[in-house]
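In: I'll drop the sequence and a predicted model, then ask my questions.
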Amino acid sequence: MTQIDRALRSNIKLRHLQLLVALDQFRHLGRTAEFLSVSQPAVSKMLSEVESMLELTLFDRSTRGTEPTSSGQALIRFARSVLAEYERTRDEISAVASGAAGRTRVGAMVVAMPVLLAGAVKLLKQRSTLATVLVEEGDLTRLLPRLRMGELDLFVGRLEPGYAAPDLVTEALFDEPMVALVKHGHALMRQKKPGWNDLAGMPCVLPPPWASLRVKLEQTFFRHGLNPPSDIIETSSFLALSTFVQQRDAAGFLARSVALHFQREGLFDVLAIEVPIELPPIGLITVRGRRLTPSSEQLMACLRLTAQSIRQSDPQAKVPKGRKTAAARRRAA
């Protein structure tokens, strides 16, 4: 243990950590060498140096490639965390030196992207033109590990209760319903009262089977005495949903604010069908105790203002249960 402590405190360098992360990404000495612009023997030598410092085997080598050991996985997590903090500090110092406003890294679900996040970024840019926002799209399963590692500063999307944890701070911004949609000009829009029976008989784009929304949508079909559609595409990608709704005359499901945004753009039409599904609120997640950059704090303030604007413009976008508005908090004080 003393040897490991000595190596982590004094001997491990950034280039060693970069090597471990690259090896974990590519799982192959040759591809790692190509990525780092060094020779394969140099990669092998550097890995051996790290293993010698720690007196541990970090990767198992074989003709198929490299695979991290349990010790290697632990050190890779450490490496990702250190490199993320290094990049955050470097960007912050660089921003101060250049007079820029800094950089913030956001993980966002589709539900937050075109209205909430886009509106917040617009506000941020009005306040500070030089602020840089890096956006990565995905779902909670992909983005939360990156948030915990420090590779993202905050998450914007649905606050699924199953992902709540003591190390995370959540802030609900608003609730809104789900709606059904079709491509602009779809024949179903000419029906006076389209219903769930129409959706059951046509192609549909649905969330993946493991998504809580998928289960709730299927239960809604059953409550109407219908089997869920048999002609389906399963995806959590907005691009895939948009493609198949357009090309296959399929129906899809989106959060109301997102669907209305793209209806105004002429991409979709929202069907007059009630989707009686209770969904988790849309909000923010950060890591408890982690210092945020000034740019990240500014963006969070802009997200709160944009959420307030969404609630004011759409009566169906509501303050989440148990959360007071800023005005209500001031009155209570």
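Out: The structure has been received and is ready for your questions.

In: what's the helix or strand for residue 243?
Out: Secondary structure assignment for residue 243, by DSSP states H and E: helix 238-247.

In: and that helix, C-alpha only, in CSV?
Out: What follows is helix 238-247, C-alpha atoms only, in CSV (Å, rounded to 0.1, in the frame of the first residue of the first chain):
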residue,chain,number,x,y,z
PHE,A,238,-34.0,12.2,-31.6
LEU,A,239,-32.4,12.0,-35.0
ALA,A,240,-33.6,8.4,-35.4
LEU,A,241,-37.1,9.3,-34.2
SER,A,242,-37.3,12.2,-36.6
THR,A,243,-36.0,10.1,-39.5
PHE,A,244,-38.5,7.3,-39.1
VAL,A,245,-41.5,9.5,-38.3
GLN,A,246,-40.7,11.3,-41.6
GLN,A,247,-39.8,8.3,-43.8
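
In: Buried ones in that helix, by neighbour count?
Out: By neighbour count on 16 or more other CB atoms under 10 Å, the buried set for helix 238-247 is 238, 241, 242, 244, 245, 246. All C-beta atoms are positioned from the backbone trio N, CA, C, and that covers glycine.

In: So which other helices or strands are in contact with it?
Out: Secondary-structure packing of helix 238-247 (3 or more CB pairs under 8 Å, 6 or more residues apart in numbering; DSSP states H and E): strand 178-183, strand 204-206, strand 252-255.

In: want to try TSV for those strands, with distance to residue 75 and mean neighbour count as columns?
Out: Output for those, formatted as TSV (distance: least, CB to CB, whole Å; neighbours: other CB atoms under 10 Å):
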stretch	distance to residue 75	mean neighbour count
strand 178-183	43	24
strand 204-206	40	23
strand 252-255	40	24
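
In: Any idea which of the ones you listed gets closest to residue 88?
Out: The closest of the helices and strands packed on helix 238-247 to residue 88 is strand 252-255. By CB to CB, the value is 30.4 Å.

In: May I have the strands that pair with that closest one, each with its orientation?
Out: The pairing partners recorded for strand 252-255 under DSSP bridges are strand 178-183 (antiparallel).

In: and residue 113, what are its phi and psi?
Out: Main-chain torsions, residue 113, degrees, to the nearest 10: phi -70, psi -60.

In: let's number from 30 now, not from 1
Out: In the new count, where the first residue is 30, that last one comes out as residue 142.

In: Report the spatially nearest residue to it, omitting neighbours in sequence.
Out: residue 166 (6.6 Å; CB to CB, 6 or more residues apart in numbering).

In: Show me this protein divided up by domain.
Out: Domain ranges of the chain: 31-110, 129-204+309-361, 207-299, per automatic domain parsing.

In: What about the spatially closest residue to residue 347 that is not a sequence neighbour, how many residues nearby?
Out: Nearest residue to residue 347, sequence neighbours excluded (CB to CB, 6+ apart): residue 204, at 4.8 Å. Neighbour count for residue 204, taken as other CB atoms under 10 Å: 19.

In: how close does residue 204 get to residue 189?
Out: Using CB to CB, to the nearest Å, residue 204 is found at 14 Å from residue 189.

In: hang on, the earlier thing: residue 308 is in contact with the residue nearest to residue 347, correct?
Out: Yes. In this structure, residue 204 is within contact of residue 308 by CB atoms under 8 Å, at 7.3 Å.

In: Go ahead and measure how far stretch 174-189 is from the middle of the chain.
Out: Going by CA atoms, centre = their mean, to the nearest Å, the spacing between the C-alpha centre of stretch 174-189 and its chain's C-alpha centre is 6 Å.

In: what is the mean pLDDT for it?
Out: What stretch 174-189 shows for mean pLDDT is 92.

In: okay, how far is it across that stretch, tip to tip?
Out: End-to-end distance for stretch 174-189, by CA to CA, to the nearest Å: 15 Å.

In: list the buried ones in it?
Out: Using 16+ other CB under 10 Å as the test for burial, stretch 174-189 gives 175-189.

In: List the ones among the residues you listed that fall in helices.
Out: 175, 176, 177, 178 (DSSP state H).

In: And the pLDDT at the nearest residue to the last one once chain neighbours are set aside?
Out: So the one you mean is residue 178. Excluding the flanking residues, the one nearest residue 178 by CB to CB, 6+ apart is residue 109, at 4.5 Å. Confidence at residue 109, expressed as pLDDT, is 85.
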